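Asks: Predicted model follows, preceded by the sequence.
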Number of protein chains: 2
Amino acid sequence: MRPAPTPDLLARFAAIVGAANALTDPVDIAPYVVEWRDLYLGRTPLVLKPGSTQEVAEVLKLAHETGTAIVPQGGNTGLVGGQTPDETGAEIVLSLSRLNRIRDVDPAGDTVTVEAGVVLQALHDAAAETGRLFPLTLGSMGSCQVGGNIATNAGGTAVLSYGNMRAQVLGLEVVLADGRIWNGLKRLHKDNSGYDMKQLFIGSEGTIGVITAAVLRLQPQPAGIEVAFVGMPGPEEALKLLTLARSRAGAMLTGFELMPRMGLEFTLRHLAGARDPLEASHDWYVLCEISSTSEAEVARRVMEQVLGEALEDGIVTDAAIAQSMDQAAAFWKLRHGMSEVQKHEGGSIKHDVSVPVDQVPAFLRSAIAAVEAFMPDCRPIPFGHLGDGNIHFNVSQPIGMDKEAYLANWDAMNEVVHAIVGEFGGSVAAEHGVGRLKRGLIERVKDPVELEMLRALKKTFDPKGILNPGRVV
Amino acid sequence: MRPAPTPDLLARFAAIVGAANALTDPVDIAPYVVEWRDLYLGRTPLVLKPGSTQEVAEVLKLAHETGTAIVPQGGNTGLVGGQTPDETGAEIVLSLSRLNRIRDVDPAGDTVTVEAGVVLQALHDAAAETGRLFPLTLGSMGSCQVGGNIATNAGGTAVLSYGNMRAQVLGLEVVLADGRIWNGLKRLHKDNSGYDMKQLFIGSEGTIGVITAAVLRLQPQPAGIEVAFVGMPGPEEALKLLTLARSRAGAMLTGFELMPRMGLEFTLRHLAGARDPLEASHDWYVLCEISSTSEAEVARRVMEQVLGEALEDGIVTDAAIAQSMDQAAAFWKLRHGMSEVQKHEGGSIKHDVSVPVDQVPAFLRSAIAAVEAFMPDCRPIPFGHLGDGNIHFNVSQPIGMDKEAYLANWDAMNEVVHAIVGEFGGSVAAEHGVGRLKRGLIERVKDPVELEMLRALKKTFDPKGILNPGRVV
């Protein structure tokens, strides 16, 4: 086990950022050591809040020299234990939150240059002020930070049309494990001058470098956005609707989210002000969003055409198109609230998985049957980004069961579901990353050659293993 | 210098693929050792044409054991000396052309699984047969191969809306330098289960692994495509038109190519059947393409709206919208022919560069002035992908000058132009890659930390330096 840093060493770290930005009081430190889902509660003797890239570099240089473990942290909204220190008290937290300047917004070139600690919502606002859109949209966007979004290659509900965080990144500034600063803050859409190094750091979860700034792409703001809430018998029909909508709307299809009836019921029960948009009950639902950048009416016409065809073909049983911005927001709230409300129904065992898009219905059939066989009366709530093949396969406990007793089945149920994901050629870490939660899992299910490559990369870029040790690889 | 392989070793390599697929006759070998622009003429004792991934793996295993240099080759359409052997006769060519199966087309999931040797046009045709689009579009698409497109992260004329080759790749199969096979042929749109290894091989120009197969994304076919040929005073106006078109058409803007009058004149003079779409002469031109996936008429209306506004605002001086598919093809032919025709006007010194999109007009002013100061009467023909900030800054010789005498200025003129690219934060290898041509250049202009990272990666993945040695890093 790594020894805790000595008081003398802690003082040297603190001196880099100044006493005011080196937290040691347990009360100050508390928010940095606990995950919001309470899966992990760690300890640290020190939280460092550098105010410049140079200070980050000095921190890593000292950590590299002394073999001190560093845990980079953004908005602390991660779900896999990647951003909080472990229980040993040997890891120092490096918070990027003070690097929160939007350095430059460039509407002519459709780019923005931001520091790692900028909150995602602030970036959305800055883009909107110049008539542009930053598309990445997550439930946690009010507190998550851009650096963390990049380090975890965040996904969310706008991936279908705009891609995940990786697709938004044009350039990066990164501090390497030994304190060297790489200035890759290019505003270029095309650059084939060697291996594309930024790709390596996107999604690396702080294990091979610390992202301090980025150049990101902006998009035109849509002229019209239409949101529909659609009822249907099952995921097969949802897939047919997806194919139809994609062939009619192409890149204008900006959202396509699948939800089961029970998930909607949870939401109606526990989310203040939630109302069912449809009169009758349906077994499954899709939230479908179509946007147009040209004429506002086009989105409306295409939406009506898609739903008209789908109703005529018997693919869907009912549909409501939002008649106002407020109603559209209310539809989205039903979807965005679906994760949060599950805690009101007792324990929930989570899986963040993806399979090929066309395989989602078959996967859901198999996985639902398997968890119901594993534990009769459990309540599967699989929901999420059908358009990306990414399902949050969450399973709520049987009614009346003891919560702790249910959660004791976490690993065993994970194995049941992940085995089926494997059969379908899927990923057991689709969107939320690996962190500590899935490191062991990845070791078991990854192609062995790929695992060797991951380890070789880690060793090349962090030979002393000081950056987020025990996460990812 | 690396010694040439012994006859005994050559025989061992040949035995892996069989005598019929191991070319040794100089007549058979000739097409594999020369680049089509005649910049490089190399030598090799052996061209290997493996018929399976397993055979590729055995070739690399033997090469790794014996320290033999291997030059992977696709359609041999590269422009930077990356795919042909050097002059020593010590490098063996590994042609992927027999790995040319389209393994699977999946229109429901919008993916296709192809082997490296599939010709890009064949992929386009296979996608079209199932009502889908594969967007990557290059002048060489009748002969270039998908493996090479991935290894060079090819660009072309559809990047603006669909992204470069990197954006099309979901999964890869790669043979590593020591012969290990990595099966990363996933059909997933989201997978955050560790570093995204495929990104490393995309654009690596065969220097750290050999791509043998890939899973690629397909897109819906457009319902309507409109192509306009637009005249204007200068690049400033072209940039204004781009901003206008992007805000009106968004992702529907599928092409935006800049051309100078002299480039059009060369094309009209030397390309059979070429006609000027506009009556009067204009100093600069843009080819603008707008596509709709929903209603065919939308593309037409948006195009007319954009051009109407641009004419009214005095941004453009004249415009013609193609009235038929044939006419649209004729407009595109003017653009696609612009590289080819330059050879009829004597020597041409080439630069494949990019700058931030909003900086293109200022860059062009500086660079044109600089080359005209460097050599009065030279004829700059900067053209290309304004929407991506990627300009092919080609300079034709003064009329009447000796071609060889002109081309002797290649390096010196490159330095003039590349210095200006540097001032604008641009890339000196935007689209065509590094290969042998720009390896020395990259060493001089790259951020030193980035260069260290490139070398560290090369050493990690090809410790013996057998894969495309002397290319990239």
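Replies: Sure thing, it's come through. Numbers count the residues shown, from 1 in each chain, chains lettered A, B, ... in the order given.
Asks: What segments of the stretch 301-450 of chain A are strands?
Replies: Listed in chain order, the strands of the stretch 301-450 of chain A (DSSP state E, counting those that start in this stretch) span A:318-321, A:348-349, A:352-354, A:379-385, A:390-396.
Asks: For A:Pro7, find the nearest of these.
Replies: Relative to A:Pro7, the nearest member of the strands of the stretch 301-450 of chain A by C-beta to C-beta is strand A:352-354, separated by 40.1 Å. The way it works is simple: take the backbone N, C-alpha and C, and place the C-beta from them, glycine included.
Asks: List of residues touching the closest one?
Replies: Outside strand A:352-354, the residues that touch it by C-beta atoms under 8 Å, 6 or more residues apart in numbering or on different chains are A:79, A:388-393, A:417-418, A:421, A:426-432, B:188-191.
Asks: near chain B, which residues of the stretch 251-400 of chain A?
Replies: A:251-252, A:292-295, A:298, A:301-302, A:305, A:354-359, A:385, A:387-390 (C-beta under 8 Å from any C-beta of the partner chain).
Asks: gap between the longest helix seen in chain A and the chain center?
Replies: The longest helix of chain A (DSSP state H) is helix A:296-312. What separates the centre of helix A:296-312 from the centre of its chain is 30 Å, taken as C-alpha atoms, centre = their mean, to the nearest Å.
Asks: pLDDT of it, averaged?
Replies: What helix A:296-312 shows for mean pLDDT is 95.
Asks: same for it, what does it pack against?
Replies: strand A:224-232, helix A:235-249, strand A:284-292, strand A:318-321 (3 or more C-beta pairs under 8 Å, 6 or more residues apart in numbering or on different chains; DSSP states H and E).
Asks: returning to that earlier point: which stretch among the strands of the stretch 301-450 of chain A comes nearest B:Thr317?
Replies: Closest to B:Thr317 of the strands of the stretch 301-450 of chain A, according to C-beta to C-beta: strand A:318-321, at 43.2 Å.
Asks: And that closest one, what's buried?
Replies: Using 16 or more other C-beta atoms under 10 Å in any protein chain shown as the burial criterion, the residues of strand A:318-321 that qualify are A:Asp318, A:Ala319, A:Ala320, A:Ile321.
Asks: And for stretch A:30-40?
Replies: For stretch A:30-40, the neighbour count (16+ other C-beta under 10 Å) marks A:Tyr32, A:Val33, A:Glu35, A:Leu39, A:Tyr40 as buried.
Asks: which stretch of helix or strand covers A:Val175?
Replies: Under the criterion DSSP states H and E, the helix or strand holding A:Val175 is strand A:169-176.
Asks: Partner strands of the very next helix or strand once past that strand, with direction?
Replies: Using DSSP H and E, the helix or strand that follows strand A:169-176 in sequence is strand A:181-184. Here strand A:181-184 has these sheet partners by DSSP bridges: strand A:169-176 (antiparallel).
Asks: Now tell me what touches the strand it pairs with from outside.
Replies: By C-beta under 8 Å, 6+ apart, strand A:169-176 touches A:53, A:56-57, A:60, A:111, A:150, A:181-189, A:197-198, A:201-202, A:208-217, A:461, B:449, B:453.
Asks: center of chain A, which residue is that?
Replies: When chain A is reduced to its mean C-alpha position, the closest residue under C-alpha atoms, centre = their mean turns out to be A:Ala154, at 3.9 Å.
Asks: Tell me how far it lies from chain B.
Replies: As for A:Ala154, its distance to chain B is 9 Å (criterion: C-beta to the nearest C-beta, to the nearest Å).
Asks: which SS state does that residue fall under?
Replies: Secondary structure, DSSP: H, G, I helix; E, B strand; the rest coil: A:Ala154 is coil.
Asks: Verify the stated contact: it with A:Gly139.
Replies: No. Shown here, A:Ala154 and A:Gly139 do not form a contact pair, counting by C-beta atoms under 8 Å, at 10.8 Å.
Asks: Turn the buried residues of strand A:318-321 into TSV, columns for pLDDT.
Replies: Shown next, in TSV, are the buried residues of strand A:318-321 (pLDDT from 0 to 100):
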residue	pLDDT
A:Asp318	98
A:Ala319	98
A:Ala320	98
A:Ile321	98
